[in-house]
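**Student:** build me a model:
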Amino acid sequence: MPKIDVINLKGEKVGSVDLPDEVFSAPVKQHLVWEYVRHHLARRRAGTASTKGRGEVRGGGRKPWRAKGTGRARVGSIRNPLWRGGGITHGPKPRSYDYRLPKKVRRGALRSILSQRLASNRLRVVESLEPEEMKTRAFVETARKLGLESAVFVDRRENSKLWGATSNVPTMHVIDHFALNPYDLMRFENIVFSRAAVESVSEALKPRARKQGA
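**Tutor:** Numbering: from 1, shown residues only. Next up, the predicted model:
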């Protein structure tokens, strides 16, 4: 069972925490990470692209000329998709790009990323991520001293000071410990947990024992 030091925002060691092997020393499965990132980005798609078909384009209620005797092809509407200004054939319509991803895949992807970051010494645990004041400059300076210029901070959503201090810093991001996803974890060099968050994540990502007779 790996053990990691717990520090404070001054960089001082204040303790240690044991991390479960099943979560932080799991086999790294890149294909699960790829599948989860693909799913996450698909869910973020707005799906608002829309075009009008021939029945939705304005105009074209009158037959432009009679079918026979003019020497031209018969046409029923000037809003025919073959005409300029006409409708769009098989164009996009508002839709959802979301699809179901098995829970085992999601958990396996998160275990892979956390295990990889711990092995490369890019995972930190801080006793409390709540800064003394909601000042961006002060927190950025603190993070720089800790070598965390590029980091995703995992804490509870109630930590409003941390959210406020990092909201306009492009190299930092804060996510709730219940909303972990591979896309946000991989966008930054370091992952920083609060002590409460790492304990909660460790418990949530442990493999579940299969029920007998299931």
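
**Student:** distance of the residue nearest the centre of the chain from residue 177?
**Tutor:** Here the mean C-alpha position of the chain is nearest to the C-alpha of residue 183 (Cα atoms, centre = their mean), at a distance of 4.5 Å. Separation of residue 183 from residue 177 (Cβ to Cβ, to the nearest Å): 16 Å. Placement of C-beta: from N, CA and C, glycine included.

**Student:** could you list the low-pLDDT ranges of the chain?
**Tutor:** When residues are selected by pLDDT under 70, those of the chain lie in 209-214.

**Student:** residue farthest from the centroid of it?
**Tutor:** Most peripheral residue of the chain (Cα atoms, centre = their mean): residue 69, 62.2 Å.

**Student:** for the helix or strand hosting residue 22, buried residues please.
**Tutor:** Applying DSSP states H and E as the criterion places residue 22 in helix 21-24. Applying a neighbour-count criterion of 16 or more other Cβ atoms under 10 Å, one finds 23-24 buried in helix 21-24.

**Student:** could you export it as PDB, CA atoms only?
**Tutor:** What follows is helix 21-24, C-alpha atoms only, in PDB (Å, rounded to 0.1, in the frame of the first residue of the first chain):
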ATOM      1  CA  ASP A  21      -3.300  -0.400  -4.000                       C
ATOM      2  CA  GLU A  22      -6.500  -1.100  -5.900                       C
ATOM      3  CA  VAL A  23      -6.800   2.600  -6.800                       C
ATOM      4  CA  PHE A  24      -3.300   4.100  -6.800                       C
END
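
**Student:** can you list contacts of that helix?
**Tutor:** 1-2, 111, 114-115, 118, 123, 201-202, 205-207 (Cβ atoms under 8 Å, 6 or more residues apart in numbering).

**Student:** what's the spacing between it and its chain's center?
**Tutor:** Distance of helix 21-24 from its chain centroid, counting by Cα atoms, centre = their mean, to the nearest Å, is 22 Å.
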